[in-house]
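In: sequence plus the predicted model coming up.
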Amino acid sequence: MEAHLVIFQGHLGFVCLYVAGALPGCCRSSSSDLCRTWQPSYLDELIPETQQTIRGRQLAGIVWWIPVEFWANVGEKIPDDLLKPLRDYTMVAVAAGHTAPFGISFVRSEELVPNLVLRDSDKTEYKALAKASPEAETLVAMMKPMMKNLLGQMGENLNFVFFPSRDSKGRALADPSSQREFSIVIKNVLGADQVFTWKLPLTSLSPPVYCPVGKERLNANWKYCSWHGVAVDSSKAATQASPVAPPAKP
């Protein structure tokens, strides 16, 4: 399973750029031109933040939240008018199964998807939408065969799912720049509920935040520095003067 994830992350930038170049209305470029627009350091930070691994006794899989900002920052090939329809959804890709002596027995799509819910910070749950816009469906239709070719059985069993983007009050359910959190929950099919939570904002999409004492760079969703125990004011992140360094690990 871990090997699958390494391959997934290693090829993801190229796959997304290929899809970007092929979408209707996008600039047609050669694969070499597309690769020149890819920012590896950006994806290296964003992908681990948006992917979570299904772990547990005889369990395996991946839950990947795909925010619109992901597509907007992969390269310069997707016009904003094509990204706009995606803002109506919270997009997630899930592959889940049980480990077996000779691989993974994946849960079938018709059984998995109805048992997926998005749980917001108020604990309200939302089921996956039965249908998305043609633009969103086109994106998924192009990614599915590529994932299958790259990842074999795992890619073949990767389900792209759309949830609502806002709650009943009009608040974004999964805004990478917000101070909220949300979870994707897999119910029933893996035994006990499997909960995968994102505490926002995402560090890779936020201005650097530093400890006011030691000047270590911190994760954007930290309220306190874990080394010095001092409160962190993320509102001052953009004006803090400190050398750029990788985010600290909890």
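Out: Cool, got the structure. Numbers count the residues shown, from 1 in each chain.

In: may I have the secondary structure class of residue 146?
Out: Using DSSP: H, G, I helix; E, B strand; the rest coil as the criterion, the local structure at residue 146 reads helix.

In: tell me how many other residues crowd it.
Out: Each residue near residue 146 was counted by other C-beta atoms under 10 Å, and the total is 17. Where you see a C-beta, it was placed from the backbone N, CA and C, and this is true even at glycine.

In: surely residue 196 meets residue 64?
Out: No - here residue 196 does not reach residue 64: they are 9.7 Å apart, not a contact under C-beta atoms under 8 Å.

In: joint contacts of those two?
Out: Shared contacts of residue 196 and residue 64, defined by C-beta atoms under 8 Å, 6 or more residues apart in numbering, are found at residue 52.

In: contacts only, for the residue of the chain positioned farthest from its centre.
Out: Here the chain has its C-alpha centre computed as a mean, and the residue farthest from that point, by C-alpha atoms, centre = their mean, is residue 213 with 31.9 Å. Contacts here follow C-beta under 8 Å, 6+ apart; on that basis residue 213 touches 225, 228, 230.

In: can you select the buried ones from those residues in PyMOL?
Out: For the buried members of the contacts of residue 213, the matching PyMOL selection, counting by 16 or more other C-beta atoms under 10 Å, is:
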select buried, resi 225
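
In: and the contacts of residue 213, which of them are in helices?
Out: Cross-referencing those with the helices (criterion: DSSP state H) gives no overlap at all.

In: endpoints of stretch 181-197, how far apart?
Out: End-to-end distance for stretch 181-197: 7 Å, by C-alpha to C-alpha, to the nearest Å.

In: equivalent analysis for stretch 111-120, please.
Out: 23 Å.

In: again with stretch 154-169
Out: For stretch 154-169, the first and last residues are 37 Å from each other (C-alpha to C-alpha).

In: how far out from the middle of the chain is that stretch?
Out: Here the centre of stretch 154-169 is set off from its chain's centre by 10 Å, with C-alpha atoms, centre = their mean, to the nearest Å.
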